[in-house]
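**Q** build me a model:
(chains A, B and C)
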Amino acid sequence: MASDLPDLTNDRDLQGAVEALLLVVDSPIEVEAIADALEEPVERTREVIERIAERYTEAGSGIDLRRTGGGWRFYTRDRFAPFVEKLLLDGQRAKLTRAALETLAVIAYRQPVTRSRVAAVRGVNVDGVIRTLLARGLIEETGTDQETGGNLYRTTELFLERLGLSSLEDLPPLAPLLPEVDAIDDM
Amino acid sequence: MASDLPDLTNDRDLQGAVEALLLVVDSPIEVEAIADALEEPVERTREVIERIAERYTEAGSGIDLRRTGGGWRFYTRDRFAPFVEKLLLDGQRAKLTRAALETLAVIAYRQPVTRSRVAAVRGVNVDGVIRTLLARGLIEETGTDQETGGNLYRTTELFLERLGLSSLEDLPPLAPLLPEVDAIDDM
Amino acid sequence: MTEPTGRFTVRLSNFEGPFDLLLQLISQHELDVTEVALHQVTDEFIAHIKAAGDQWNLDETTEFLVVAATLLDLKAARLLPAGDVEDEDDLALLEARDLLFARLLQYRAYKQVAALFAELEGGALRRYPRSVALEDRFAGLLPEVMLGVDAAKFAEIAAAVFRPKPPPSVSLSHIHMGRTSVREHAALLRIRLAGMEDATFGELVADCEHTLEVVARFLALLELYREDTVLFQQEDPLGELRVRWTGGSVEEAAEAAERDRAGVDDEEYR
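**A** Next up is the predicted model:
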């Protein structure tokens, strides 16, 4: 790896790198996957993860690093759950994020569509967002892709309802919005 | 609130509660929203958030608590980006094009501003760029110009987040770059 | 003409160095734009691009087109015939020139800001935000989801996502710069025609140095015809084209010229 990277032989930097990875993973991640990404031995990686978990617990941090189902993930610490619940009920997450909206747009216009195809169009990882859209009932699984075996997704009735449409045919056509060559050049 | 709740008069527990809330938000959250959920004064909440951010930085944590687009959010610390990108694989995100950046520059400093004014400064047609910036949520409409009836545009919080700015006031003044700014305003 | 760094440099009889420096000197009034042979600069730039083969730089080319168009405007304004200093025309011309200077400076300032934005974005892109699905135990608490957009806006978002990445070609949109030029020439023609009342097309373009200026002046005349301030007379096909001013007094023409020059900005900012 390049020489300007943080020096992971140093425990402090290794801890930082592990924290950065854990912050962006959406579902429990195995020690091996973390060790792979950091190109560090599994044993050393495991020790560092356990040390981080202990440190958070001792400090009474609101972040709880726990091992569940074979992997590690950041959870909110149990005792603070009531505040999280209050925040959620206050509607902090009522509105879809931009990333979720863009992903939903790709699914709506390309359905049924696989996760990897959506990721290719958006140019970013969409796993977390797809899980959110599923959880919010805006999309659903609809079989698997014959070629790749990946799950196919489509929009739901709730999606149409939220957009005020009676059927998918009412979605505004995209062609008039996809600009002439000039405007594309400009971007 | 119920008596078995953590005692937030205690700074350590308040810090933990704030961390728990920050862990579940999926877009920058304002101090006021956090203070509301915790039923704590805004000032005290703000101090605690700033203290957490400092503590993470001093510890070299992989978690970076930053204020962007008017709110606070957890980010991975920049020096660990290569590892994050390795894990997310397709993590590297598309950069704004030069045309988009120049158009945003004019809008950011002249907002609220009409499309034709932006076109006049850039010397090119900006219709396509404006449409894309609107659709990406980086700018938004904000009424119409009284004289010309043209739509007025301004930058959004998503724009600030995209550049990692906490507010428009963080933008450097244009004057040193533009010696005769008064004269040009009269143009 | 091309430095090892690959940046475009210019070699003229009275100037040699990076293109950017040439621009800077002109904007600081240390070099007279009328003494810069723009066609040579253009030739050198084309040679520079050709020499680079497939490696030419889109940004550099785009910037060159914008700046060259501005310089051309500037030069056109400067080359117009000058009479007495007290002459109304001259004052108007001076103003027009300053406007062009100002526009150039302004454009450069925003370009610097855009570069800063790119740097900021670069830094921000290295920090990945936490954006994960909610823990299962909280999922049931989420309030009813809102999209926050209507169907039309939703389609716009989809279009923005699907819009293809730019192909590596030079945008033609910079040719719109020519519009500025036409407005500028319309302003000039108003004042001149109001004074002369009647002129041949040949007389009106006698002072033009480049074909592009003649074209701009012709387009300006068509604009004036459309707003009923000039009449055309041509006895036979390909014969002499005469232009007659019907747009009122010299004062009225000067006012209209002011509006032309201030252009779009004036309508919005006053």
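
**Q** and the helices in chain A?
**A** Using DSSP state H, the helices of chain A run over A:11-24, A:31-38, A:42-59, A:81-89, A:98-110, A:115-122, A:127-135, A:157-163, A:181-186.

**Q** rank those by mean pLDDT and give me the bottom one.
**A** Of all those, mean pLDDT reaches its minimum on helix A:181-186 (a mean of 39).

**Q** surely residue C:233 and residue C:242 touch.
**A** Yes - if you go by CB atoms under 8 Å, residue C:233 and residue C:242 touch, sitting 4.3 Å apart. In this view, the C-beta of every residue, glycine as well, is placed from N, C-alpha and C.

**Q** so for these two, which residue has more residues nearby?
**A** With neighbours defined as other CB atoms under 10 Å in any protein chain shown, residue C:233 and residue C:242 compare such that residue C:242 has more, 16 against 12.

**Q** isn't the more buried one right up against residue C:230?
**A** No - when contacts are counted by CB under 8 Å, residue C:242 is not listed as touching residue C:230 (10.1 Å).

**Q** show me which residues of the stretch 1-150 of chain C sit near chain B.
**A** C:59, C:62, C:66, C:69-70, C:98-99, C:102-103, C:105-118, C:120-132, C:134-135, C:138 (CB under 8 Å from any CB of the partner chain).

**Q** the domain parsing of chain A - what is it?
**A** Domains of chain A are assigned by the TED database as A:11-79, A:95-170.

**Q** with chain C instead?
**A** When chain C is parsed with the TED database, its domains come out as C:13-80+C:87-126, C:182-269.

**Q** comparing those, which gets the lowest mean pLDDT score?
**A** Mean pLDDT across these is lowest at domain C:13-80+C:87-126; the value there is a mean of 72.

**Q** now do the end-to-end distance for that domain.
**A** Between the start and the finish of domain C:13-80+C:87-126 there is a gap of 47 Å, counting by CA to CA, to the nearest Å.

**Q** buried sites along stretch A:54-61?
**A** A:56, A:60-61 (16 or more other CB atoms under 10 Å in any protein chain shown).

**Q** show me the contact partners of that stretch.
**A** A:63-65, A:77, B:12-13, B:15-16, B:19 (CB atoms under 8 Å, 6 or more residues apart in numbering or on different chains).

**Q** not counting sequence-adjacent ones, nearest residue to the residue nearest the centre of chain A?
**A** In chain A, the C-alpha closest to the average C-alpha coordinate belongs to residue A:128, at a distance of 2.1 Å (CA atoms, centre = their mean). Excluding the flanking residues, the one nearest residue A:128 by CB to CB, 6 or more residues apart in numbering or on different chains is residue A:26, at 3.9 Å.

**Q** can you give me the pLDDT of that neighbour?
**A** Note for residue A:26: predicted pLDDT of 82.

**Q** next up, the contacts around it.
**A** Residues in contact with residue A:26 (CB under 8 Å, 6+ apart) are A:127-128, A:131, C:132-133.

**Q** give the PyMOL command for selecting the buried subset of those residues.
**A** Applying 16+ other CB under 10 Å to the contacts of residue A:26, the buried members can be selected in PyMOL as follows:
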select buried, (chain A and resi 127+128+131) or (chain C and resi 132+133)
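
**Q** in JSON lines: the contacts of residue A:26, plus distance to residue B:173.
**A** JSON lines is the format used below for the contacts of residue A:26 (distance: CB to CB, whole Å):
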{"residue": "A:127", "distance to residue B:173": "42"}
{"residue": "A:128", "distance to residue B:173": "39"}
{"residue": "A:131", "distance to residue B:173": "44"}
{"residue": "C:132", "distance to residue B:173": "38"}
{"residue": "C:133", "distance to residue B:173": "42"}
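
**Q** all helices for chain C, in order.
**A** With DSSP H as the criterion, chain C has helices at C:19-27, C:38-51, C:58-79, C:88-125, C:136-139, C:151-162, C:177-196, C:201-204, C:211-226, C:250-268.

**Q** tell me which of those helices sits most buried.
**A** helix C:177-196 (a mean of 22; mean count of other CB atoms under 10 Å in any protein chain shown).

**Q** close to chain A, is that helix?
**A** No - with CB under 8 Å from any CB as the criterion, chain A is not reached by helix C:177-196; the gap is at least 13.9 Å.

**Q** check which helices and strands that helix is in contact with.
**A** Applying 3 or more CB pairs under 8 Å, 6 or more residues apart in numbering or on different chains; DSSP states H and E, one finds that helix C:177-196 contacts helix C:58-79, helix C:88-125, helix C:201-204, helix C:211-226, strand C:241-245, helix C:250-268.

**Q** how about the residues of chain C that lie near chain A?
**A** Residues of chain C lying near chain A by CB under 8 Å from any CB: C:128, C:130-135, C:137-139, C:141-152, C:154-164, C:166-167, C:169, C:171-173.

**Q** if you set the cut-off to 7 Å instead, what comes out?
**A** Residues of chain C lying close to chain A (CB under 7 Å from any CB of the partner chain) are C:128, C:130-135, C:138-139, C:141-152, C:154-159, C:161-164, C:166, C:169, C:171-173.

**Q** hmm, back to that, how about JSON lines for the domains of chain A, with distance to residue C:48 added?
**A** Shown next, in JSON lines, are those (distance: least, CB to CB, whole Å):
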{"stretch": "domain A:11-79", "distance to residue C:48": "44"}
{"stretch": "domain A:95-170", "distance to residue C:48": "33"}
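
**Q** quick one: contacts for residue 161?
**A** As the question left the chain open, I've gone with chain A. Neighbouring residues of residue A:161 by CB atoms under 7 Å, 6 or more residues apart in numbering or on different chains: there are none.

**Q** switch to chain C, that's the one I care about
**A** Counting by CB under 7 Å, 6+ apart, residue C:161 touches A:102, A:105-106, A:121-122.
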